[in-house]
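when you get a sec, could you give me coordinates for this:
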Amino acid sequence: MTVRIELRYDGELHTSAEHPSGAKLDTDAPLDNQGRGEAFSPTDLVATALGSCMMTVMGIVARRHEWPMEGSTVSVEKEMVATPVRRIGRLGVRFEMAPEIPEEARPILERAAYTCPVCKSLGDEVEVDATFDWR
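Have a look, this model is predicted:
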């Protein structure tokens, strides 16, 4: 499947993106890279995509088994590195899982998180470190 995202450079390090569904998203360069930090930076979107993708894949598995995922949350901490080039060095992912999820589901859902397409697309240069709080 192919999806085309249309983007426009708006000036002052801002871009606007539109999804085929009509959903819109703006970006700005981060404060530490000449921007004003007024919106997601492109690398913030990578972190957001990872958390969203991991949770979505876990949700697919949970739905198949009728495990309740509602109320689960994820936060992603992005760490940039400067050498050899400016890039994402580490993404720390912290899940707080709904307390109703049965214990036997936990290792299955944890494994599923790492199979998400975004995680598999990042490559070995970006450390992905996920922790799970099962409450």
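
show me the shaky parts of this protein.
Nowhere does the chain drop to pLDDT under 70.

list the contacts of the residue most central in space within the chain.
For the chain, Leu50 is the residue whose C-alpha lies nearest the centre (C-alpha atoms, centre = their mean; 2.4 Å). With contact set as C-beta atoms under 8 Å, 6 or more residues apart in numbering, Leu50 has these partners: 76, 91, 93, 116, 118-119, 122, 128. C-betas here are computed from N, CA, C, even on glycine.

buried set for the longest helix along the chain?
Among all segments of the chain classified by DSSP state H, the helix with the greatest residue count is helix 42-65. If you call a residue buried by 16 or more other C-beta atoms under 10 Å, then helix 42-65 has these buried ones: 43-44, 46-51, 53-55, 57-59, 61-62.

for the residue nearest to the centre of the chain, which non-adjacent residue is closest in space?
Using C-beta to C-beta, 6 or more residues apart in numbering and skipping residues adjacent in sequence, the residue nearest Leu50 is Val118, 4.8 Å away.

and the one you found, how many neighbours?
Residues lying near Val118 (other C-beta atoms under 10 Å) number 19.

what strand or helix carries it?
Secondary structure from DSSP states H and E places Val118 in helix 117-122.

what's the first helix or strand after that helix?
strand 127-133.

tell me the SS of the closest residue to Glu100 other than its chain neighbours?
Spatial nearest neighbour of Glu100, chain neighbours left out: Pro68 (4.5 Å); criterion: C-beta to C-beta, 6+ apart. Judged by DSSP: H, G, I helix; E, B strand; the rest coil, the three-state class of Pro68 is coil.

surely Pro68 and Ala98 touch.
Yes: with contact defined as C-beta atoms under 8 Å, Pro68 counts as touching Ala98 (5.7 Å).

specify the beta-bridge partners of the residue of the chain most remote from its centre.
What lies farthest from the middle of the chain is Gly11; by C-alpha atoms, centre = their mean that is 26.0 Å. When bridges are called by DSSP bridges, Gly11 pairs up with His14.

lovely, talk soon.
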